[in-house]
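> For reference, the sequence and a predicted model appear below.
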Amino acid sequence: MVRFLVTGVGGPAGSSLARQLMDRGHWVLGVDMQAVDTRSADMVARVSRSGAPGYLWELRGLIAQHGIHVVVPTVSDELVLVSEAKDDLAPGVRVVVADAAPVRTANDKFHTMTCLHTAGVDVPPFGLPSSFDSVHHAMDVLGGPLVVKPRVSRGGRGVQLLERLMDGGARAAHAWAMADDTCIVQRFVPGTEYAPVLHRTGTGTDVVVVLEKTALKEGRVGNAVSVRRSEASADRDVAALAVSAVEALGLQGPVDIDIRRMPDGTPVVLEVNARFGANSAHAPELLDSVLRVHALEQLSGRNA
């Protein structure tokens, strides 16, 4: 039995991963900054927010106290911090996260879009609010309704869809006035939305599964309420785009991506998350691949 520490166990990504690990017979310590139902993992501990000065030391204490073998971060806020510390977080403990440099790029949506665009990976037209004189100017330049969202965020929080409304766009203009360059603005992409999940190793992409989002929390934007596995032949272009994005960013490990189709059917990358996502249970081969690559079957045998 391998002993895991999964962060963000109160959120959709962490809780899903914890359940998958327990179903495979592993022991899971779930941590979260909020009080969490103790049924979410074998044991639950409350920790400080990831930006707190002592956060990593809290994790180190829990690792030592509970004999943890593997740490899996699932919270966007902490990915850069944990990736920077992964080699010395605790002796002999594996940390399932990519190296710090690509994680930093993926953690900032503007930097992500810039990197992918430069590498020739399809993305929607995008920019920073300061690049435009007004919301109408941005709509004209980017080619239609807009999505404004934090460059660094957790899930779908803070995402706004701005359109020319019946009031002449007053509401959109007001929302635009509240945005600054901590946000990114993208052209709204109206087509089918996908959430491909991947596992990339040093030798290539071991797993890529395309999940289609069938309902969104906010209707036209937001987190997925439900997904379904897509037939490989139907959305092969989405899978290929997801692989290209991960390779361009230099990410390894589990990755969760948002992709939509433009009006002409072309898929474009909306954002990239360098972690397990909320929908990973719909692609169990993702976790299987991570466990295999980290040689956790052998570790499980030694610690059974």
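Everything's here; your move.

> Centre-most residue in the protein?
With distances taken as Cα atoms, centre = their mean, N273 lies nearest the centre of the chain, 2.7 Å away.

> packing partners for the biggest strand by length in the chain?
As assigned by DSSP state E, the longest strand anywhere in the chain is strand 253-261. Packing partners of strand 253-261 (3 or more Cβ pairs under 8 Å, 6 or more residues apart in numbering; DSSP states H and E): strand 193-194, strand 197-201, helix 236-249, strand 267-273, helix 284-293. Every C-beta, even on glycine, is put in place using the N, C-alpha and C of the backbone.

> try it again with 7 Å
strand 193-194, strand 197-201, helix 236-249, strand 267-273 (3 or more Cβ pairs under 7 Å, 6 or more residues apart in numbering; DSSP states H and E).

> Can you convert these into TSV and add a column each for distance to V147?
Conversion of the helices and strands packed on strand 253-261 to TSV gives the following (distance: least, Cβ to Cβ, whole Å):
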stretch	distance to V147
strand 193-194	12
strand 197-201	22
helix 236-249	18
strand 267-273	8
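
> Which of the ones you listed sits closest to T74?
Among the helices and strands packed on strand 253-261, strand 267-273 comes nearest to T74, with 9.4 Å by Cβ to Cβ.

> returning to that earlier point: which of the residues in the longest strand of the chain are buried?
G253, P254, V255, D256, I257, D258, I259, R260, R261 (16 or more other Cβ atoms under 10 Å).

> Pretty sure the first one sits against R94.
No. The pair G253 and R94 fails to qualify as a contact (Cβ atoms under 7 Å) at a distance of 10.8 Å.

> now the helices for this protein?
12-23, 55-66, 79-85, 100-107, 109-118, 135-142, 170-177, 236-249, 284-293, 296-303 (DSSP state H).

> buried residues in stretch 85-93?
For stretch 85-93, the neighbour count (16+ other Cβ under 10 Å) marks A85, K86, L89, A90, V93 as buried.

> ok, now which ones touch the last one?
The neighbours of V93, taking Cβ atoms under 7 Å, 6 or more residues apart in numbering as the test, are I63, I68, H69, V70, V71.

> The fourth one too?
If you count contacts by Cβ under 7 Å, 6+ apart, A90 has them with R60, I63, A64.

> filter those residues to the buried ones?
R60, I63.

> re the thing from before, relative to R200, which of the helices of the chain is closest?
Using Cβ to Cβ, the nearest of the helices of the chain to R200 is helix 236-249, at 5.2 Å.

> now the closest one: mean pLDDT?
The average pLDDT within helix 236-249 is 96.

> The residue nearest to the centre of the chain is in contact with D256, isn't it?
Yes. Assessed by Cβ under 7 Å, N273 is found in contact with D256 at 4.3 Å.

> Quick one: closest of the helices and strands packed on strand 253-261 to P102.
helix 236-249 (5.1 Å).

> Flag every buried residue along the closest one.
V238, A239, L241, A242, V243, S244, A245, V246, A248, L249.

> and the third one, what does it touch?
By that I understand L241. With Cβ under 7 Å, 6+ apart, L241 has these contacts: V121, D122, I259, P267, V269.

> so where's the stretch 201-304 of the chain uncertain?
Residue ranges of the stretch 201-304 of the chain with pLDDT under 70: 215-225, 232, 294-304.

> Contacts only, for the closest residue to D108 other than its chain neighbours.
Nearest non-adjacent residue to D108, counting by Cβ to Cβ, 6 or more residues apart in numbering: R151, 5.1 Å away. Taking Cβ under 7 Å, 6+ apart, we find R151 in contact with D108, K109, F110, T182, C183, I184.

> List phi and psi for R151.
Torsion angles at R151 (phi, psi; degrees, to the nearest 10) stand at phi -70, psi -30.

> I'd like to know which of the buried residues of helix 236-249 is nearest to A41.
V246 (28.3 Å).

> The closest one and L198 touch, don't they?
Yes. V246 is in contact with L198 according to Cβ under 7 Å; the separation is 5.6 Å.

> For the two, list the residues in contact with both.
With Cβ under 7 Å, 6+ apart, V246 and L198 have common neighbours T205, V255.

> Contacts only, for A195.
Neighbours of A195 in contact, by Cβ under 7 Å, 6+ apart: L211, K213, A224, V227, D256, I257, D258, G277, N279.

> What pLDDT does the model give it?
93.

> again with the one 3 residues further on
At L198, the model reports a pLDDT of 96.

> distance of it from N273?
11 Å (Cβ to Cβ, to the nearest Å).
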